[in-house]
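> When you get a sec, could you give me coordinates for this:
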Amino acid sequence: MPRLQIRGAELHYESLGHGPSLLFIHGLGSSTRDWEAQLAYFSPRFHVVTFDLRGHGRSDKPPGPYSILGFAADTAELIRLLSLGPTHVVGLSMGGMIAFQLAISAPELVQSLVIVNSGPEFILRTLRARLQIVQRKLIVRLLGMRQMGKVLGKRLFPEPEQAELRQLFIDRWAENDPRAYLDALRALIGWTVADHLDAIHCPTLVITSDRDYTPIAVKETYVARMPQAELSIIRDARHMLPLERPDAFNQVLMEFLLKHRPLLRNLPESCEG
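This next block holds a predicted model:
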């Protein structure tokens, strides 16, 4: 089981294939396993790397506090230790936030940026948003991670034909360490890089589901503020897009990567303008 010592914690990672490097960053409560369909699909053309964030999966779970800036620092160190950079970076949900932060904190490590069902900030602006976080914390503390997985699974995979996928999600979610999960959840609250979007100059693709938590209009607004960003919408899908609709997701991502790969060879090897 490959592991790297990074900033005081051992992080599990997986590496497959040869070619340009392609790094996937999972979301809150997830792990490398959620990228299995992408490892198989992209490894014939790319050197694909996935890893478990600290507090997740098979990586160490040191006491918090955690932060998006810290997760991004872990990611940057992993890229350096594995000699991946500059690399294509794909982040889902919380992984998208980490990818945003990485592109701003260490632009020389990022060849292109793909943000999936995520955004450049996590500010609790409404009472409803604050109550949702309180509810999640209470469920984890009082009822445990499996119950939290059941609540989320019904929202993410509600269709009868998704029963097997929903159960897989619940079983994996139940494996989370409650303390580490709550530390990671706290890391989201108040984070923002929204004022720095115009500093991201690398080719950027924002992929959104039409039934994601946040509306398409929110993504359209921040995409318009990024110099080389484009938006792709996948219909009839929810938040866990790479797991729910892997074929559609993989096709959109591959088209973006192949479109920019020849061009990128002639550009500075970073997100810097």
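
> where along this structure do the helices fall?
Defined through DSSP state H, the helices belonging to the chain, from first to last, are 36-42, 68-81, 94-105, 127-143, 145-156, 163-174, 178-188, 216-223, 241-244, 246-264.

> Help me confirm that residue 241 comes into contact with residue 211.
No - using C-beta atoms under 8 Å, residue 241 is not in contact with residue 211; the gap is 9.8 Å. To be clear about C-beta, it is placed using only N, CA and C from the backbone, and glycine gets the same treatment.

> out of these two, which sits in the busier spot?
Per other C-beta atoms under 10 Å, whichever of residue 241 and residue 211 has more neighbours is residue 241, with 22 against 19.

> mind listing what residue 183 touches?
When contacts are counted by C-beta atoms under 8 Å, 6 or more residues apart in numbering, residue 183 is found next to 55, 63-66.

> typo on my end, residue 74
Residue 74 sits next to 6-7, 9, 11, 53-54 when contact means C-beta under 8 Å, 6+ apart.

> 6 Å - rerun?
Under the criterion of C-beta atoms under 6 Å, 6 or more residues apart in numbering, the neighbours of residue 74 are 6-7.

> what's the spacing between residue 127 and residue 133?
Residue 127 sits 11 Å away from residue 133, going by C-beta to C-beta, to the nearest Å.

> More neighbours: which of these two?
Here residue 127 and residue 133 are compared on neighbour count by other C-beta under 10 Å; more neighbours surround residue 133, at 15 against 8.

> Just the pLDDT at residue 273, thanks.
Residue 273 carries a pLDDT score of 43 in this model.

> again with residue 256
As predicted, residue 256 sits at a pLDDT of 97.

> The closest residue to it other than its chain neighbours: neighbour count?
Of all residues not flanking residue 256 in the chain, residue 205 sits nearest, at 4.5 Å (C-beta to C-beta, 6 or more residues apart in numbering). Number of residues near residue 205 (other C-beta under 10 Å) recorded here: 24.

> show me the contacts for residue 205.
For residue 205, the residues meeting the contact criterion (C-beta under 6 Å, 6+ apart) are 114, 230, 256.

> ok, what's across the strand from it?
Here residue 205 sits in beta bridges with residue 114, residue 230, going by DSSP bridges.

> quick revisit: out of the contacts of residue 205, who's the most crowded?
Looking at the contacts of residue 205 with neighbours defined as other C-beta under 10 Å, the largest count falls to residue 114 at 24 neighbours.

> ok, it to residue 47 distance?
In this structure, residue 114 and residue 47 are separated by 16 Å, where distance is defined by C-beta to C-beta.

> I'd say residue 10 and residue 62 touch.
No - look at residue 10 against residue 62 with C-beta atoms under 6 Å: they stay out of range, at 9.8 Å.

> Low-confidence stretches in the chain?
Across the chain, residues meeting the criterion (pLDDT under 70) sit at 261-273.

> what are the phi and psi angles of the closest residue to residue 155 other than its chain neighbours?
Spatial nearest neighbour of residue 155, chain neighbours left out: residue 238 (7.5 Å); criterion: C-beta to C-beta, 6+ apart. Taking degrees, to the nearest 10, you get phi -120, psi -160 for the backbone angles of residue 238.

> try residue 214
Backbone torsions for residue 214, taken as degrees, to the nearest 10, come to phi -100, psi 140.

> can you pull the contacts of it?
Here residue 214 is in contact with no residues (criterion: C-beta under 6 Å, 6+ apart).

> Relative to residue 248, how far out is it?
The span separating residue 214 from residue 248 equals 19 Å under the rule C-beta to C-beta.

> Thanks a lot, catch you later.
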